[in-house]
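Asks: Prediction below, plus the sequence it came from.
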Amino acid sequence: MLGFVLPATAIASSLRVVVGGLPLGEKASARITGPRGFKKTVLGSLAFRSLAPGKYTATVGSVVFRHTTTSGAVAGLRAIGTVGVGALAVGEHNIARSSSIFLKGTPGVFSVHYTSGVPAGGPVFKQLSGDSGVVCGLRRNSGIVTCWGDSFWLAARPPPAGAFTQIVGSDGGSCGLRPDGTAACWGVEEIYEPDPPADKFTQIAIGDDEYACGLHRDGSSRCWWGVDYFRSRGPLVPPGHFIQLTAAGGGANVAVVCGLRADHTATCAYEASNPIAGPGINPGATGVFSPAGSFSQLTQGLWGLQTDGTAASLPETPEGVPALSGNYAQLSSGGLCGVHPGGTVECLPLDGTPMPPLPGVFTQAVASQDWVCGLRPDGAAACWFRPGDSSGDPYNYDPAVLRVPQR
């Protein structure tokens, strides 16, 4: 018990500070100020007595601590503190980063709680998607999609209202699945018109900006083109039944759709007017190829995570093109970033400039050539620009563009 002696005529008060939300053994400071020069910094739960009457204020911030996972300790998990106030005299409870209470002969309580990464009232996501200048998050409880990023893409066609169960993004557009399995797409106006077919899907994939594909419950797949000059093309569907689809490309160069089978093998169908690396892919050709390897998941941009945790390009990676090395639990689009089993994120260099490790622990990463966003275990999202970007796109130079919405 801490405090100081008051004159006998004064009305003494008591104050408890209760701190919670931190892992066992971790400490974070809360600063308490009050009348008569009262200033204390507490690192955990504590009680004060014989306090002078008056206004007391608790202020908390954020703390970075080590987070223990099944694979060991990971440095850099950020927790944000909030403080609630309560006292018999006022009977109120407010949550903020700084709160005050007036004591006059009554016991008071500051309740400090630390939550990893999520500001008070901030959105909680269960999935992120994105490419080019837009990132979208699927909210954990409501299924509503919230997007942020470049105003041109957002204004062109914002996400539709209502709930979704899955979202996927690519250059210029996004698609999602409704709870009933139907698909909806949004982005630049000319891309996904007319609307997707009325089929019921269990998973959806999207090409760069011209087409999308859906996986039916029986493992069969269907693709549809959006832009007028692609509608004369036949369906671009790999043969077989699958548990996951991915897609990439479009426009005048190449369009590729790959499917993952339950036995960890993959098959891809393609249409190419320009050559790309990979067996059997020639200019002007259409056909099918089977990537070498045993895969546990496929990702946008024709990359796959193999069953041993290593990353592999589905078409063979051209010589001299950098690729992630190591073991991962999840890959971002194009294999640009990977989430290690312990939650740390590693990204490829950009224009020769290394991408520093993201601060904290994450369950998912999405990335483009310009930025990377991560999803924390508690559902908070955070975004960073990739250093060394020299592409000249205007959104690369405004940090506010990638600021995650707080509501």
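Replies: That came through, no problem. Computed from a predicted structure; not experimentally measured.
Asks: need the strands for the stretch 51-200 of the chain, in chain order.
Replies: Applying DSSP state E, counting those that start in this stretch to the stretch 51-200 of the chain gives strands spanning 54-60, 62-69, 72-87, 95-96, 98-103, 107-116, 125-131, 134-139, 145-149, 166-170, 173-177, 183-187.
Asks: looking at these, which has the lowest confidence?
Replies: Ranked on mean pLDDT, the bottom entry among these is strand 95-96, at a mean of 46.
Asks: Can you list the low-confidence ranges for the stretch 201-350 of the chain?
Replies: 208-210, 226-236, 249-253, 272-285, 316-321 (pLDDT under 70).
Asks: in it, which spans are strands?
Replies: Under DSSP E, counting those that start in this stretch, the stretch 201-350 of the chain gives strands at 203-206, 211-215, 221-225, 244-250, 254-260, 266-272, 286-289, 295-299, 303-306, 311-313, 330-331, 337-339, 345-347.
Asks: and those strands as JSON lines, adding mean neighbour count?
Replies: C-beta: built from backbone N, CA, C; applies to glycine. As requested, those are arranged in JSON lines below (neighbours: other CB atoms under 10 Å):
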{"stretch": "strand 203-206", "mean neighbour count": "26"}
{"stretch": "strand 211-215", "mean neighbour count": "26"}
{"stretch": "strand 221-225", "mean neighbour count": "21"}
{"stretch": "strand 244-250", "mean neighbour count": "26"}
{"stretch": "strand 254-260", "mean neighbour count": "25"}
{"stretch": "strand 266-272", "mean neighbour count": "22"}
{"stretch": "strand 286-289", "mean neighbour count": "15"}
{"stretch": "strand 295-299", "mean neighbour count": "20"}
{"stretch": "strand 303-306", "mean neighbour count": "23"}
{"stretch": "strand 311-313", "mean neighbour count": "20"}
{"stretch": "strand 330-331", "mean neighbour count": "22"}
{"stretch": "strand 337-339", "mean neighbour count": "25"}
{"stretch": "strand 345-347", "mean neighbour count": "21"}
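Asks: Now distance to A184 too, for those strands, in JSON lines please.
Replies: Converted to JSON lines, the strands of the stretch 201-350 of the chain look like this (distance: least, CB to CB, whole Å):
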{"stretch": "strand 203-206", "distance to A184": "10"}
{"stretch": "strand 211-215", "distance to A184": "10"}
{"stretch": "strand 221-225", "distance to A184": "13"}
{"stretch": "strand 244-250", "distance to A184": "17"}
{"stretch": "strand 254-260", "distance to A184": "20"}
{"stretch": "strand 266-272", "distance to A184": "24"}
{"stretch": "strand 286-289", "distance to A184": "29"}
{"stretch": "strand 295-299", "distance to A184": "22"}
{"stretch": "strand 303-306", "distance to A184": "26"}
{"stretch": "strand 311-313", "distance to A184": "30"}
{"stretch": "strand 330-331", "distance to A184": "25"}
{"stretch": "strand 337-339", "distance to A184": "27"}
{"stretch": "strand 345-347", "distance to A184": "30"}
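Asks: Can you check which of these gets nearest to F48?
Replies: strand 345-347 (42.0 Å; CB to CB).
Asks: by contact count, what packs against that closest one?
Replies: Here strand 345-347 touches strand 337-339, strand 364-367, strand 371-375, going by 3 or more CB pairs under 8 Å, 6 or more residues apart in numbering; DSSP states H and E.
Asks: To L138, which of those lies closest?
Replies: Of the helices and strands packed on strand 345-347, the one closest to L138 (CB to CB) turns out to be strand 371-375, at 9.9 Å.
Asks: So which elements touch the closest one?
Replies: strand 125-131, strand 134-139, strand 345-347, strand 364-367, strand 381-385.
Asks: Residues touching it, excluding its own?
Replies: 125, 127-128, 130, 135, 137, 332, 336-337, 339, 345, 347, 355, 358, 360, 362-367, 381-386, 396, 402, 404 (CB atoms under 8 Å, 6 or more residues apart in numbering).
Asks: can you do 7 Å?
Replies: The contact list for strand 371-375 (CB atoms under 7 Å, 6 or more residues apart in numbering) reads 125, 128, 130, 135, 337, 345, 347, 358, 362-366, 381-386, 402.
Asks: and of the helices and strands packed on strand 345-347, who's closest to L314?
Replies: strand 337-339 (15.7 Å).
Asks: Apart from its neighbours in sequence, what residue is nearest S170?
Replies: Distances taken as CB to CB, 6 or more residues apart in numbering place I206 nearest to S170, at 4.4 Å, with adjacent residues excluded.
Asks: related to what we said a few turns ago, out of the helices and strands packed on strand 371-375, which gets nearest to W224?
Replies: So among these, strand 125-131 is nearest, using CB to CB, at 18.9 Å.
Asks: Export only the CA atoms of that closest one, formatted as PDB.
Replies: This file holds the C-alpha atoms of strand 125-131, laid out as PDB (Å, rounded to 0.1, in the frame of the first residue of the first chain):
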ATOM      1  CA  PHE A 125     -11.200  -8.600 -39.200                       C
ATOM      2  CA  LYS A 126     -11.100 -12.300 -40.000                       C
ATOM      3  CA  GLN A 127      -9.500 -11.900 -43.500                       C
ATOM      4  CA  LEU A 128      -7.700  -9.300 -45.600                       C
ATOM      5  CA  SER A 129      -7.400  -9.100 -49.400                       C
ATOM      6  CA  GLY A 130      -5.900  -6.500 -51.700                       C
ATOM      7  CA  ASP A 131      -3.800  -5.600 -54.700                       C
END
